[in-house]
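>>> A structural model of the following input is requested.
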Amino acid sequence: MKKILILILVFIFSLGSLALFSSTAAGDYHVQDGVLYSFTGLTTTVRIPADVYYIADFAFKDNTRINRVIMHDNVKIIGNEAFYGCTALKTVEGTEGVAEVGAYAFHGTPFFLNQNTDIIKLNSVVIGGEAKGELYLDDSVRSIAPYAFAENTEITSVKATNSLTSVGEGAFYRCTSLKTVDVGRSLSFIGPLAFYSTRFTGEYSGDFVVLGDGILVEYRGNSAEVILPETIKRIGGGAFYYNTDIQKVSIPEGVTSIDARAFMNCTKLSFVAFPQSLKVIGDEAFAKCKVLDDITIPEKVEVMGESIFYGCKALENVSFKNLTNIPKGTFSHCSSLKALNLPGGITSIGEKAFENCTALTDIAISEEVTEIGVGAFSGADNLTVSAKQGSYAYEYCVNTGVNVIKAGDANYDNKLNIRDATAIQKHTAGVITLSFTEAVRADANFDGKINVRDATYIQKILAGMI
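Below is the predicted model of the structure:
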């Protein structure tokens, strides 16, 4: 009887041990809004939770325990270096839904290293390979991941069908033997440095290297004033990167996107004529354009990336409409920016958005702003924010030590009274002229205009009507 009891106990213990080492607790995954940020489990097999559509950058990086990953159809995006350095990872399953893969997502894994083929794919995304000579991409390929073939010196040509729609950043970076590229008109996105330092761009006949559906890959000219051809629909990432000749550029109607780092480090660029068709400006598009001093962002722009004007030391005048947020680092280190009126409609200001704007004295922020990131105004020690008392922005400034005054305080006496309404009325009648900073403070209703409506708005506040 004792032997039977012992055997039963051993069996139960073995089941418990099996459960311990083969199952994964929900708490092992850090998931928020469908994004898997990290994994802390000890199992060798990982099953991606059913509600995950995005495996974030570095989520499993350098996990040397896992050897098998099971995904599902809802996983659409795998981030940069998501499984980088997972030295035991041999098997990746269930990738039929994957549409986008970041840079070096599986580098350093047996799964990646043991596939000695021309191309390595996850669903329709090429993530690397040992291609030599002509690289042919058939109808099953829709995109090429960032840096997929970087520094492959044996590829001489690339040919793709009309199924190819996207070539990621640095996809053929320093492929020094790559001479010819033949892709279809369906190609609509090319990332920064995708063909950097290739024979294809180096020997291209003409100033404008264009691929796919009117994508400007690279400008090879040395003119001070550049007028882009009307056939261009998109300025690809890094197209003018580190061009130290260009001073003025005219972008034609029909261009809808200026991609990441398109004009970064154009140190002599002082003027940009934007088209009204523009909808997207990518990360760092104009970063470190040191003499760019005046920017008007077209009304149709809906999407702005991070750090677009980072380090634009001469930038003094900026105007825009219809934006809903000021992304992270947008005006960081813009040391000549003095005043800015953030129009109604903006709901958030990102981290370090105005970091080290040392000349910045005035910003007007409407009550629609309900989120301000960490360090948004760090280093802007001379700043005074104009905001409605009781608003999120007003309370944020009070709590973080940023000087704040009530919106409408045109005479800057730290009081909102009839004198401010009178000053606005006199300005409207042409009796006096408010300075730009006074006008920023005077725009009580945040419509971007100084008129009788602001005076009326102030009077209603004083009367307790609003």
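
>>> from here on, just use CA atoms for contacts and neighbour counts.
Noted.

>>> strands along the stretch 301-450 of the chain, start to end?
Using DSSP state E, counting those that start in this stretch, the strands of the stretch 301-450 of the chain run over 303-304, 317-319, 325-326, 339-342, 348-349, 362-365, 371-372, 384-387, 403-406.

>>> average pLDDT for stretch 439-454?
The pLDDT scores in stretch 439-454 average 74.

>>> first-to-last residue distance for that stretch?
11 Å (Cα to Cα, to the nearest Å).

>>> how about the strands of the stretch 301-450 of the chain in JSON lines, adding mean pLDDT and mean neighbour count?
Output for the strands of the stretch 301-450 of the chain, formatted as JSON lines (pLDDT from 0 to 100; neighbours: other Cα atoms under 10 Å):
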{"stretch": "strand 303-304", "mean pLDDT": "92", "mean neighbour count": "19"}
{"stretch": "strand 317-319", "mean pLDDT": "90", "mean neighbour count": "15"}
{"stretch": "strand 325-326", "mean pLDDT": "95", "mean neighbour count": "20"}
{"stretch": "strand 339-342", "mean pLDDT": "86", "mean neighbour count": "24"}
{"stretch": "strand 348-349", "mean pLDDT": "96", "mean neighbour count": "22"}
{"stretch": "strand 362-365", "mean pLDDT": "91", "mean neighbour count": "26"}
{"stretch": "strand 371-372", "mean pLDDT": "96", "mean neighbour count": "18"}
{"stretch": "strand 384-387", "mean pLDDT": "90", "mean neighbour count": "25"}
{"stretch": "strand 403-406", "mean pLDDT": "84", "mean neighbour count": "21"}
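
>>> among those strands, which is nearest residue 177?
strand 303-304 (35.5 Å; Cα to Cα).

>>> domain ranges for this protein?
Following automatic domain parsing, one gets these domains for the chain: 19-113, 115-203, 229-320, 323-466.

>>> and the longest one, how far out from the chain middle?
Distance of domain 323-466 from its chain centroid, counting by Cα atoms, centre = their mean, to the nearest Å, is 26 Å.

>>> ok so, going back, adding distance to residue 456, write the strands of the stretch 301-450 of the chain out as CSV.
Shown next, in CSV, are the strands of the stretch 301-450 of the chain (distance: least, Cα to Cα, whole Å):
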stretch, distance to residue 456
strand 303-304, 34
strand 317-319, 25
strand 325-326, 28
strand 339-342, 19
strand 348-349, 27
strand 362-365, 18
strand 371-372, 28
strand 384-387, 17
strand 403-406, 15
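
>>> any idea which of the ones you listed gets closest to residue 97?
Each of the strands of the stretch 301-450 of the chain has some distance to residue 97 by Cα to Cα; the shortest is strand 303-304, at 25.9 Å.

>>> circling back: need the domains of the chain in TSV (columns: distance to residue 223).
Formatted as TSV, the domains of the chain follow (distance: least, Cα to Cα, whole Å):
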stretch	distance to residue 223
domain 19-113	34
domain 115-203	17
domain 229-320	6
domain 323-466	27
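
>>> looking at these, which is closest to residue 210?
domain 229-320 (7.8 Å).

>>> show me the strands in the stretch 151-300 of the chain, by range?
Using DSSP E, counting those that start in this stretch, the strands of the stretch 151-300 of the chain run over 155-160, 166-167, 180-182, 189-190, 208-211, 215-219, 225-227, 234-235, 248-250, 257-258, 271-273, 280-281, 294-296.

>>> now those in JSON lines, with mean pLDDT, mean neighbour count and distance to residue 353?
Formatted as JSON lines, the strands of the stretch 151-300 of the chain follow (pLDDT from 0 to 100; neighbours: other Cα atoms under 10 Å; distance: least, Cα to Cα, whole Å):
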{"stretch": "strand 155-160", "mean pLDDT": "97", "mean neighbour count": "18", "distance to residue 353": "41"}
{"stretch": "strand 166-167", "mean pLDDT": "96", "mean neighbour count": "23", "distance to residue 353": "30"}
{"stretch": "strand 180-182", "mean pLDDT": "96", "mean neighbour count": "16", "distance to residue 353": "39"}
{"stretch": "strand 189-190", "mean pLDDT": "94", "mean neighbour count": "28", "distance to residue 353": "27"}
{"stretch": "strand 208-211", "mean pLDDT": "95", "mean neighbour count": "20", "distance to residue 353": "33"}
{"stretch": "strand 215-219", "mean pLDDT": "96", "mean neighbour count": "25", "distance to residue 353": "29"}
{"stretch": "strand 225-227", "mean pLDDT": "97", "mean neighbour count": "14", "distance to residue 353": "30"}
{"stretch": "strand 234-235", "mean pLDDT": "97", "mean neighbour count": "26", "distance to residue 353": "24"}
{"stretch": "strand 248-250", "mean pLDDT": "97", "mean neighbour count": "17", "distance to residue 353": "26"}
{"stretch": "strand 257-258", "mean pLDDT": "97", "mean neighbour count": "24", "distance to residue 353": "20"}
{"stretch": "strand 271-273", "mean pLDDT": "96", "mean neighbour count": "16", "distance to residue 353": "22"}
{"stretch": "strand 280-281", "mean pLDDT": "96", "mean neighbour count": "22", "distance to residue 353": "16"}
{"stretch": "strand 294-296", "mean pLDDT": "94", "mean neighbour count": "15", "distance to residue 353": "17"}
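
>>> right, I'll call it a day here.
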